[in-house]
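> Provided below for reference: sequence and predicted model.
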Amino acid sequence: MKLTALAVRNIKRSLPKYAMYFFALSFSVFTVYSFLALNFNEQVMAKLTYSDRYRALLTSFGVIIFVFVTFFLISSNNSFIRARKKEISTYSLFGMTNRKIGLLLFIETMIIGSAALVAGLGLGMFTSKLTAMVLLNLTLAHFVGDVKFVIAPEAIYLTIIPFLLVFGVMGLSGRRVIGKFELIDLFKAHKTLETRSTGSIILLLLSLLLIGAGYYLAVSLGLGELLLWALPILALVISGTFLFFRSGLPKILSGLQNRPSYYRGDNLIAVSTFNHRIKSIGGLMAAIAVLSAVAVTVIASGYTLYATVEKSTYDTVGYDLYFYTDNEQVLHDVHAAFAEYDVNIIDEHTTYRYQAWPRTDMFVAVEWEFGTPDTYYRIYPQSEFNQLLSAARERYRQVEVGKGEAVLAVRTGNNELLEKEWVGRKLHFSDSNLTVTACLDLDITVFGAYYTVVVSDSDFAALMENGDIVTTDTGGRPFDRVTVVKYENPLGSHDLNRKLNQVLRGRVGSYRMAYNHYIEALEAFGLVCFIGFFMSIVFILMTASLLYFKQVMAAQEERHLYQMLRKIGISGRMEGKVIAKRLFPVFFIPLLVGFAHSIFAMKSADTMVFSSMLAVENSYLTVLQFSAVMYGVYALIYGVFYFITKRQYSNIVS
């Protein structure tokens with residue numbers, strides 16, 4: 001029989017084993033091609049604001065996925081060869097040289113790899129238009145029209161060549177692996193079982209200490225410290241995770257054997273067989289825990305940013321539109337633009353950018369330094385400030401300030417701590433002192449200053465009269481007045497906003513539109529969400545497939561154990577319970593550890609990103625609510641793989 005025919009026959013006979021491998025590999029090819037095809041799709045890139053930046057991002061994540069796929073192939077290839085030792089020994093016994101056996105494995109690898117390439121590329125090309133439309137719908141505020149069906153030859157070449165090289169290397173590596181084993185060892189491979197690992201209490205405690213130290217640093221450090229400690233935290237958690245699965249978990253399993261419940265029913269068999277396998281899969285379980293944490297954190301972060309983009313836009317900008325100008329013609333042209341596109345202005349207010357330099361004691365609160373000599377404040381009377389709040393998109397409670405009092409407005413994310421430091425302090429002006437009685441966690445009225453101070457109308461008039469408040473710079477030139485506008489459907493009026501950009505650009509001192517910030521944020525976060533989704537799916541498929549392979553191979557080696565159990569009278573129902581308990585920890589312990597890592601990683605992400613972007617009482621709780629959705633999806637997919645593996649395992653041992 002020719003080697004090619006033998007390779008095809010071997011693949012057909014082992015189709016159930018290869019099915020999951022083939023599916024995961026095909027999806028990886030599909031993902032890499034899809035990312036590259038989007039890079040070369042000029043229709044897509046022309047619609048994105050920062051196309052060069054997004055090209056680099058798509059390419060980078062495509063490379064990351066390819067590197068991960070390479071790791072997956074190496075692990076899978078080693079598992080396949082180890083499981084086929086007896087088959088390989090039979091070939092050797094009948095006179096087949098190691099060179100021919102290696103060539104046979106090379107042909108098998110290339111057949112499966114080429115088929116996966118064809119399937120992945122075919123799916124990628126068939127769905128390329130759909131993928132492009134999904135990306136544009138995620139990233140563009142107003143995507144209308146159609147995307148032409150395009151096949152990118154460059155993307156095909158850049159997908160095929162690296163994958164074929166990896167398949168070739170994996171196929172050739174089989175010859176090296178085969179050369180390591182003696183013929184007698186190959187024949188005894190199916191009888192050789194792993195010894196039980198007892199673990200170490202010292203290493204268990206050390207692993208928990210390393211992980212705990214990483215967790216503590218993740219939740220306790222501030223923004224500046226986190227940036228410096230990010231890599232040490234990762235090193236602590238990752239090293240602790242591998243140590244836990246290598247030496248800590250076996251010790252926990254050994255401890256379970258001292259409990260009376262260990263000897264009840266099927267617990268003894270399930271725990272014992274799992275403990276005998278922990279050596280070979282401990283490293284894989286640790287890698288899955290780390291990768292699960294990465295995948296869940298990435299997709300949860302992207303989804304959180306994407307889902308809150310509208311709120312974060314107004315937390316940043318405050319108004320639908322504001323601009324600085326004293327030019328009446330600009331105001332006229334702005335009103336004309338609204339009339340042209342038949343969009344109603346809901347509220348509008350123009351005010352001076354009043355400025356003051358009250359003196360106060362120097363102190364630090366919520367990592368902000370107050371009272372420095374160069375600190376100036378935007379200052380408003382109560383009535384003016386409330387009009388500015390009314391014109392904002394978010395609903396803010398109106399402010400009431402008594403005579404001799406002041407309210408400080410500054411965005412810190414921790415208003416309670418700010419009030420603790422500020423309330424009761426004096427603001428010293430030339431002829432009067434005002435007492436701070438409250439703080440507001442907002443910064444939409446600063447318009448270029450550091451902080452905002454709100455005083456009563458009567459105190460404001462007195463301060464103006466005394467010269468404590470100015471509307472000109474040091475050279476005597478007046479500040480441009482600020483005009484704030486609230487109008488209908490600000491994030492949906494694409495044509496109007498484009499016209500307003502044309503009217504204001506280059507004609508005013510400065511301007512900001514919620515729409516401009518919104519579309520930029522939507523593009524960036526939509527792309528992160530898009531990439532995170534595909535990366536997470538690849539990670540899930542690859543890691544779950546590796547567990548599937550390991551357990552299917554283990555089932556072949558453990559088949560005689562279950563035959564022995566049936567001979568001594570174990571029922572089919574009891575055997576099913578043993579298998580379920582044997583496989584459950586393999587799939588779900590890494591998942592739970594990964595979720596725990598992710599919860600603390602999201603705390604760090606909240607400190608660095610979300611706390612400053614989400615203006616809510618507890619931004620971390622908001623992040624966890626979005627993350628919970630991802631945890632549920634991830635657990636569901638792993639549950640499906642668990643039941644598929646359980647069924648295949650049962651078929652093999654039966």
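Sure, I can see it.
> Got the domain ranges for the protein?
The chain breaks down by the TED database into domains covering 1-192, 202-314+516-653, 326-351+481-508, 354-479.
> Pick the most buried one from those.
Highest mean neighbour count of the domains of the chain: domain 202-314+516-653, a mean of 19 (counted as mean count of other C-beta atoms under 10 Å). Using the backbone N, CA and C atoms, a C-beta is placed for each residue, glycine as well.
> where's it relative to the chain centroid, distance-wise?
How far domain 202-314+516-653 lies from its chain's middle: 15 Å, per C-alpha atoms, centre = their mean, to the nearest Å.
> Dead centre of this structure: give me the residue that sits there.
Central residue of the chain (C-alpha atoms, centre = their mean): residue 298, 1.0 Å from the mean position.
> Please, which helix or strand holds that one?
Element membership of residue 298, judged by DSSP states H and E, is helix 267-307.
> Tell me the pLDDT of the closest residue to residue 227 other than its chain neighbours.
Of all residues beyond its chain neighbours, the one nearest residue 227 is residue 608 (7.3 Å), with distances taken as C-beta to C-beta, 6 or more residues apart in numbering. On the pLDDT scale, residue 608 is placed at 78.
> tell me the contacts of residue 608?
223, 226, 227 (C-beta atoms under 8 Å, 6 or more residues apart in numbering).
> Checking my notes, it in a helix, right?
Yes - under DSSP: H, G, I helix; E, B strand; the rest coil, residue 608 sits within a helix.
> what about dumping the CA coordinates of the helix or strand hosting residue 233 to CSV?
Residue 233 is part of helix 223-243, with elements assigned from DSSP H and E. The C-alpha trace of helix 223-243 is given here as CSV (Å, rounded to 0.1, in the frame of the first residue of the first chain):
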residue,chain,number,x,y,z
LEU,A,223,-2.7,54.3,38.5
GLY,A,224,0.9,55.4,38.5
GLU,A,225,2.1,52.4,40.6
LEU,A,226,0.1,49.9,38.5
LEU,A,227,1.9,51.0,35.3
LEU,A,228,5.2,50.3,37.0
TRP,A,229,4.1,47.0,38.6
ALA,A,230,2.1,45.6,35.7
LEU,A,231,4.8,43.1,34.5
PRO,A,232,5.7,41.9,38.1
ILE,A,233,2.0,41.3,38.8
LEU,A,234,1.7,39.2,35.7
ALA,A,235,4.9,37.3,36.6
LEU,A,236,3.5,36.6,40.1
VAL,A,237,0.1,35.4,39.0
ILE,A,238,1.4,33.3,36.0
SER,A,239,4.2,31.6,38.0
GLY,A,240,1.8,31.0,40.9
THR,A,241,-0.8,29.5,38.5
PHE,A,242,1.7,27.0,37.0
LEU,A,243,3.0,26.1,40.4
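> and the angle from it to helix 267-307?
Using axes from the mean of the first three to the mean of the last three C-alpha atoms, to 10 degrees, one finds that helix 223-243 and helix 267-307 are set 150 degrees apart in direction.
> Spell out, range by range, the strands that occur in the stretch 451-600 of the chain.
With DSSP state E, counting those that start in this stretch, the ranges of strands along the stretch 451-600 of the chain come out as 451-455, 469-470, 482-487, 510-513.
> Each with direction, which strands does the last one pair with?
Meaning strand 510-513. Sheet pairing of strand 510-513 (DSSP bridges) gives strand 321-324 (antiparallel).
> how far out from the middle of the chain is the partner strand?
Between the centre of strand 321-324 and the centre of its host chain there is 35 Å, according to C-alpha atoms, centre = their mean.
> Please pull up the helix or strand immediately following that strand.
Next along the chain after strand 321-324, taking DSSP H and E as the criterion, comes helix 328-340.
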